[in-house]
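Visitor: Just need the structure, nothing else, for what follows:
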Amino acid sequence: MGSEMDRKKEASSMSIKLKKLRVEYGLTQARVAQSLGISQQRYSKLENNDVSMDSEMLKRICELYGVSADYLLGLNRATPMTDAIHSSYMRSQKDIDTIVAKVVSIVKDHN
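Guide: Sure thing, here's the model as predicted:
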């Protein structure tokens, strides 16, 4: 019984970390899902621990956020990567998305 509770606690901890990372980077579930190549509904279920995550998805999420699998799985106490370069990249990506949306809008207005 104790091991079942431990698994639930670990899964809950991962759910909290996934949401925290997404919010810290100013991303929506839809944006994260798009980056991972899955539906927003599927990502929501992963973030809320409604479905299990396979190793490939774990790897893709770690790459997206720049964290280790150990961090997400709670195998160490290391904090997520706070490297200024990664943060800068995420902000730049958000800026690029904004610029692309503006360009698309301008092109649509001129057609």
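
Visitor: Only C-alpha atoms from now on, for both contacts and neighbour counts.
Guide: OK.

Visitor: For burial, what's the neighbour tally of residue 58?
Guide: 15 (other C-alpha atoms under 10 Å).

Visitor: So it is in contact with residue 69, correct?
Guide: Yes - if you go by C-alpha atoms under 8 Å, residue 58 and residue 69 touch, sitting 6.9 Å apart.

Visitor: Could I get the contacting residues of the closest residue in space to residue 29 that isn't next to it in sequence?
Guide: Nearest residue to residue 29, sequence neighbours excluded (C-alpha to C-alpha, 6 or more residues apart in numbering): residue 40, at 5.9 Å. Contact analysis of residue 40 by C-alpha atoms under 8 Å, 6 or more residues apart in numbering lists 29, 30, 32, 33, 34.

Visitor: which SSE is the third one in?
Guide: Taking DSSP states H and E as the definition, residue 32 sits inside helix 29-36.

Visitor: before we move on, back to that, what subset of the contacts of residue 40 is buried?
Guide: Neighbour counting with 16 or more other C-alpha atoms under 10 Å marks 29, 30, 32, 33 as buried within the contacts of residue 40.

Visitor: quick one, phi/psi of the residue nearest to residue 29?
Guide: Backbone torsions for residue 40, taken as degrees, to the nearest 10, come to phi -60, psi -40.

Visitor: can you tell me the helix or strand for residue 53?
Guide: Going by DSSP H and E, residue 53 is not part of any helix or strand.

Visitor: actually residue 38, not the one I wrote
Guide: Residue 38 belongs to no helix or strand, assigned by DSSP H and E.

Visitor: Need the pLDDT of it.
Guide: If you check residue 38, the pLDDT there is 94.

Visitor: possible to save the contacts of residue 40 as a markdown table with distance to residue 98 and pLDDT?
Guide: Shown next, in a markdown table, are the contacts of residue 40 (distance: C-alpha to C-alpha, whole Å; pLDDT from 0 to 100):
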| residue | distance to residue 98 | pLDDT |
| --- | --- | --- |
| 29 | 17 | 94 |
| 30 | 15 | 94 |
| 32 | 16 | 93 |
| 33 | 18 | 93 |
| 34 | 16 | 93 |
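
Visitor: Report the two of those separated the most.
Guide: 29 and 34 (8.5 Å; C-alpha to C-alpha).
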